[in-house]
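Asks: following is a predicted model, sequence given first.
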Amino acid sequence: MIRLEGIKKDYLVNGKTIPALRGIDLTIEKGEIFGVIGHSGAGKSTLIRCINLLEKPTAGSVIVDGVDLTKLDEAKLQEQRRHIGMIFQHFNLLSSATVGENVAFPLKLAKRPKAEIDRKVQEMLELVGLSEHRDKYPAQLSGGQKQRVGIARALASDPKVLLCDEATSALDPQTTNSILALLLDINRKLGLTIVLITHEMHVIRSICDRVGVIDGGRIVESGKVLDVFLKPQHPTTQEFVEQVADSSELREAVAHEKKSGERMILRVTFLGEQTYQPILFQTMQETRTVFSILQGTISRMKDTPYGQLVVELGGDDAQNHKAVETLRQRGLEVEVI
Ligand SMILES: Nc1ncnc2c1ncn2[C@@H]1O[C@H](COP(=O)(O)OP(=O)(O)OP(=O)(O)O)[C@@H](O)[C@H]1O
């Protein structure tokens, strides 16, 4: 659906060149939710704004649904942009227009007939759960409701792609979750391709299928959220995973245990159905290895449940190694830490 090829973007500030993107190659499939995560200044906003050419790349191609946007004149580009909706961190609503008028805005620009606009506004407000608020002004709404208006407005022109520029960063955790749930619902109902940028791993873990980690204007790691999350390779990715991993407690527990003897400490990861099966207990019984659990979490990545346990093995060397081998044979991910 979206192909970025060799995207570079330099900003010129006071005669100095600032390279914001240094060569991005990315393919985003139709119907997926793709997240880009990175620290402040990494290039996230520049990257997402290059997808609809709000920012013109210095080099490279942006191909959306088979059309190379970088090759279009301004009129044709405007036409193609109708297929790409966008929502923003600070909502960007017209404060002097009602909710209904905000949602109608892109349709009026496209000179759609009034009856069609009315119908579409109603449909969109129902989709985002704001039918009752059609005649209110943005100042009368909460942050979460404002973002719902932003989503309704972005979807009014039936886009194929929705770009989300830090769409939940100005919201509290509970409202963030409700907006993420809405985006996931829309993705499923409409088959819409969603690209989002964020600095929060929680957002990626909740709704994305794949993730790209951006650092210094380059994608330093990318893949399925599950894989990147469970085996982060790049130091920046590891930092982001730590945001949601509760690892300071773990580090303390491991340091304490390591000091107290030569015991073996494992991080065991369970995925999907494994999460609810007594594989660890059975294996330890069979290999006659005593163990204690230092830390445990059960969570979800989008639809996949997963669990991680940090366990300390107290058997002799042979027993401990046999236990590790058996856990791996049974399909668990085991890391000796
Ligand atoms: N309009 C601009 N003019 C000059 N430099 C810019 C401009 N926009 C971004 N930059 C620079 O480009 C780099 C990437 O910025 P960008 O805003 O894309 O990063 P970001 O990851 O979105 O950061 P943040 O999360 O803080 O918004 C930074 O060094 C930034 O200072």
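Replies: Perfect, thanks for sending it.
Asks: the closest residue to D215 other than its chain neighbours and the ligand: what is the separation?
Replies: Distance criterion Cβ to Cβ, 6 or more residues apart in numbering; nearest residue to D215, sequence neighbours excluded, is T236 at 4.6 Å. Every C-beta, even on glycine, is put in place using the N, C-alpha and C of the backbone. According to Cβ to the nearest ligand atom, to the nearest Å, T236 and the ligand sit 12 Å apart.
Asks: cool, K111 as well?
Replies: Counting by Cβ to the nearest ligand atom - K111 and the ligand are separated by 32 Å.
Asks: quick check, that residue in a helix?
Replies: No - if the criterion is DSSP: H, G, I helix; E, B strand; the rest coil, then K111 is coil and not within a helix.
Asks: thought the residue nearest to D215 was touching V211?
Replies: No - T236 is beyond contact range of V211, at 11.9 Å (criterion: Cβ atoms under 8 Å).
Asks: these two - which one has more neighbours?
Replies: Applying other Cβ atoms under 10 Å to T236 and V211 shows that V211 carries more neighbours, namely 28 against 19.
Asks: show me the contacts for that one.
Replies: F34, G35, V36, I37, I204, S222, G223, V225, V228 (Cβ atoms under 8 Å, 6 or more residues apart in numbering).
Asks: the host helix or strand of it close to the ligand?
Replies: Using DSSP states H and E, V211 maps to strand 210-215. No - Strand 210-215 does not reach the ligand (Cβ under 6 Å from any ligand atom); its nearest approach is 6.9 Å.
Asks: let me know the next secondary structure element after that strand.
Replies: Sequence-wise, the next helix or strand beyond strand 210-215 is strand 218-224, with elements assigned using DSSP H and E.
Asks: so what does the very next helix or strand once past that next one touch, helix or strand wise?
Replies: Next helix or strand after strand 218-224 toward the C-terminus (DSSP H and E): helix 225-230. When contacts are defined as 3 or more Cβ pairs under 8 Å, 6 or more residues apart in numbering; DSSP states H and E, helix 225-230 packs onto helix 201-207, strand 210-215, strand 264-271, strand 291-301, strand 304-313.
Asks: just how off-centre is the host helix or strand of A20 within its chain?
Replies: Secondary structure assignment for A20, by DSSP H and E: strand 16-28. Strand 16-28 sits 19 Å away from the centroid of its parent chain (Cα atoms, centre = their mean, to the nearest Å).
Asks: neighbour-wise, which of the contacts of V211 leads?
Replies: I204 (29 neighbours).
Asks: state the distance from that residue to D68.
Replies: As judged by Cβ to Cβ, to the nearest Å, I204 and D68 stand 29 Å apart.
Asks: which secondary structure state does L4 sit in?
Replies: Strictly by three-state DSSP, L4 counts as strand.
Asks: name the residues linked to it by a beta bridge.
Replies: Taking DSSP bridges as the rule, L4 bridges to L26, V62.
Asks: that one and K224, how far apart?
Replies: According to Cβ to Cβ, L4 and K224 sit 19 Å apart.
Asks: so between these two, which is more surrounded?
Replies: L4 (22 against 14).
Asks: can you check the pLDDT for that one?
Replies: Per-residue confidence (pLDDT) for L4: 98.
Asks: check the one 3 residues further on too.
Replies: If you check I7, the pLDDT there is 98.
Asks: and for L171?
Replies: With respect to pLDDT, L171 scores 94.
Asks: which stretch among the helices and strands packed on helix 225-230 comes nearest R22?
Replies: Judged by Cβ to Cβ, the one of the helices and strands packed on helix 225-230 that comes nearest to R22 is strand 210-215, at 10.2 Å.
Asks: using CSV, list the CA coordinates for the closest one.
Replies: Coordinates of each C-alpha in strand 210-215 appear next as CSV, following Å, rounded to 0.1, in the frame of the first residue of the first chain:
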residue,chain,number,x,y,z
ARG,A,210,4.7,-4.2,12.7
VAL,A,211,7.0,-1.5,14.0
GLY,A,212,10.0,0.4,12.7
VAL,A,213,12.4,2.0,15.2
ILE,A,214,13.8,5.3,14.0
ASP,A,215,17.0,6.8,15.3
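Asks: quick one: average pLDDT of it?
Replies: Per-residue scores along strand 210-215 average to 98.
Asks: likewise stretch 178-188?
Replies: Stretch 178-188 shows an average pLDDT of 96 in the prediction.
Asks: residue for residue, what is the longest helix the protein has?
Replies: Determined from DSSP state H, the single longest helix within the chain is helix 173-190.
Asks: just for the stretch 151-300 of the chain, where's the confidence low?
Replies: By pLDDT under 70, the low-scoring segments of the stretch 151-300 of the chain are 246-262.
Asks: which positions in it make contact with the ligand?
Replies: Looking at the ligand, the residues of the stretch 151-300 of the chain close enough under Cβ under 6 Å from any ligand atom are H199.
Asks: what is the neighbour count of the closest residue to N92 other than its chain neighbours?
Replies: Spatially, and ignoring its direct neighbours in sequence, N92 is nearest to G150 (6.9 Å; Cβ to Cβ, 6+ apart). For G150, the count of nearby residues is 26 (other Cβ under 10 Å).
Asks: name the element G150 belongs to?
Replies: Assigned by DSSP H and E, G150 falls in helix 143-155.
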